[in-house]
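**Student:** Return a 3D structure for these sequence lines:
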Amino acid sequence: MSDELYLRSKVIVEPLVDRFYVWPHTLAPVQAAMNLAFLQVPLLESYLQSPKVHVAASVNPELRGGYFINIAEERADEVRDLLATIKRERAAMLRFAEAIAEGQELLRANATGFDLTPLYPKLPKELAGLVELAYDTDNQAQMRFMEPLAYHSDIYQEARQSVQLSFETGIERPFILSTPRLPSPDVLELDIPLRHAGLEALFKARVQPTTLAKLREALELDDARTQRLSGMLSERPSLAEDRHIDAGGRIRYFGHACLVLQSPEAAVVTDPFISADNTAGDRYTLDDLPDYIDLVLITHGHQDHIVLETLLQLRGRVGQIVVPRSSRGNLADPSMALMLKHQGFPVTEVDDFDEVEFPGGKITATPFLGEHCDLDIRGKSTYWAEFAGKKVYIGADSSGIDPVLYRYVRQHLGTADLAFLGMECDGAPLTWLYQALLTKPVTKKMSNSRKLSGSNAAQAADIMVELGAKEAYVYAMGEEPWLGHVMATTYTEDTYQIKQIDEFMNWCKDHGIKAGHLYGQQEWRW
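**Tutor:** Numbers count the residues shown, from 1 in each chain. Sure, this is the predicted structure:
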């Protein structure tokens, strides 16, 4: 109990709410209520009607990423118990979601451009004190949510939260948006909120030794859980010797949209979504991260860019998490700053062209176009990093639908040395991610016309022309195999997105621009 120990590399964490994997729309209270009522509860009910259908669909490659629960039929009673518990213990949340739908319908029927004051008494009582009614300048009415207050209301319940710890097996986990995580013999269950200080103590043990006795106390474990945790600890750390640098600059690609920018003075990490499997040999992992990270940059609130599974493991090792400022109260645009602060993170919010300095460099927030199905979502930002003598454009999933925007970026910040661009140019439709928030049905044709898409080849080329960047790298495509439980993405050489990337690579070659399609791991050093 008193020996100095480290957390093993292959330990993974799954943060949960009511046993569903956490992402912003299941953690931010208003959106969590909508997802619980209009997505997760109906999904559980559908599974209980036909468990075999759900399981068969879950393993059908053509239906990958669909809303099917991948839980064996013999465990259906556990799913039934979960549903009953949710309906009993989350009744206030479910009623709040219904109240939102009723409030929206009240506005559609009665907000005709005249005074909205008479409508306040007609709102469902669950919304009292939590919404403001307002018109835009075209007389379109909407409810604006007092989001900070929602975190202090009955609809934000930390009792929903828990954590599962297990070992990375290399076998793809079930898709996070559909399959709840039931207890398992090989999983350590921690019934604690995500902000619990014990989690910070646990994950700091990746870089700093601790004792089993200290972790038992910090995590409030009984004998059985302490014994299980002991198997997740090791006498030796497995940290990479080259995780720091002593001269020049370095960028490492860790997979998907995660870059680690380093100089001897500082480290910056973008959209951290990092593998724990240090035995695969084809990727950088948590072992390769520097011990201290000055800034974490979050580009937007989709489940593959703000990944609590990774972020929780960095709490206590990060100076600030930089997030784009949301629109304050828009149903589709929850505040990432509020959400992260309530989980114990230090957070800085930025608008376009705000600057955040770090030792030896600075970050500038830059505009982000598209990829959000034309919803009024303002919590999205690309970034411009200046460090170790380089200028780097970090474009995430931003689209080149209006290339003149990038001309303004260049006029303001200069010419980029490297540009990282997302080219998921045929993304999922509106309803795949936002169905639970839509209180008015949309047609399939309408939904399919509004996609979660980044740049195609022509748009990526336009971005490069306007930025004048010397090098271009396509990333954030969801291709790495360890991302499957979140991305559920399948490509072949004939897939439209891959053909578009090839077309862009040829364009870069023809224009003398060094380019690459990133996969797995890559390093730039100067």
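**Student:** Please, where are all the helices along the stretch 101-250 of the chain?
**Tutor:** Counting by DSSP state H, counting those that start in this stretch, one finds helices in the stretch 101-250 of the chain at the ranges 147-150, 197-204, 212-219, 223-230.
**Student:** Using JSON lines, lay out the ones you listed together with mean neighbour count, mean pLDDT and distance to Val296.
**Tutor:** Glycine gets a C-beta too; all of them are placed from N, C-alpha and C. Formatted as JSON lines, these follow (neighbours: other Cβ atoms under 10 Å; pLDDT from 0 to 100; distance: least, Cβ to Cβ, whole Å):
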{"stretch": "helix 147-150", "mean neighbour count": "18", "mean pLDDT": "97", "distance to Val296": "22"}
{"stretch": "helix 197-204", "mean neighbour count": "20", "mean pLDDT": "97", "distance to Val296": "14"}
{"stretch": "helix 212-219", "mean neighbour count": "18", "mean pLDDT": "97", "distance to Val296": "23"}
{"stretch": "helix 223-230", "mean neighbour count": "14", "mean pLDDT": "96", "distance to Val296": "26"}
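**Student:** how about TSV for the ones you listed, with distance to Glu371 added?
**Tutor:** TSV is the format used below for the helices of the stretch 101-250 of the chain (distance: least, Cβ to Cβ, whole Å):
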stretch	distance to Glu371
helix 147-150	22
helix 197-204	30
helix 212-219	38
helix 223-230	40
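**Student:** show me the contacts for Glu349.
**Tutor:** Residues counted as contacts of Glu349 (Cβ atoms under 8 Å, 6 or more residues apart in numbering) are Val322, Val323, Pro324, Arg325, Ala337.
**Student:** Report how many residues lie close to the last one.
**Tutor:** Burial of Ala337, expressed as a neighbour count using other Cβ atoms under 10 Å, amounts to 21.
**Student:** On the pLDDT front, check it for me.
**Tutor:** We note a pLDDT of 98 for Ala337 in this prediction.
**Student:** do the fourth one as well
**Tutor:** The predicted local confidence for Arg325 comes out at a pLDDT of 97.
**Student:** From Val474, how far out is Asp502?
**Tutor:** To Val474, Asp502 is 10 Å away according to Cβ to Cβ, to the nearest Å.
**Student:** which one of the two has more residues nearby?
**Tutor:** Between Asp502 and Val474, counting by other Cβ under 10 Å, Val474 is the more crowded of the two (26 against 13).
**Student:** For the more buried one, give me the backbone phi and psi.
**Tutor:** phi -90, psi 130 (degrees, to the nearest 10).
**Student:** Quick check: bridge partners of it?
**Tutor:** On the basis of DSSP bridges, Val474 is bridged to Leu421, His517.
**Student:** With adjacent residues omitted, what lies nearest to the residue nearest to the spatial centre of the chain?
**Tutor:** Residue closest to the mean C-alpha point of the chain, counted by Cα atoms, centre = their mean, is Ile306 at 2.5 Å. Leaving out its chain neighbours, the residue that sits closest to Ile306 by Cβ to Cβ, 6 or more residues apart in numbering is Ile298, at 5.2 Å.
**Student:** Return the residues in contact with that neighbour.
**Tutor:** Neighbour list for Ile298: Asp271, His305, Ile306, Ile321, Val322, Val323, Pro324, Met336 [criterion: Cβ under 8 Å, 6+ apart].
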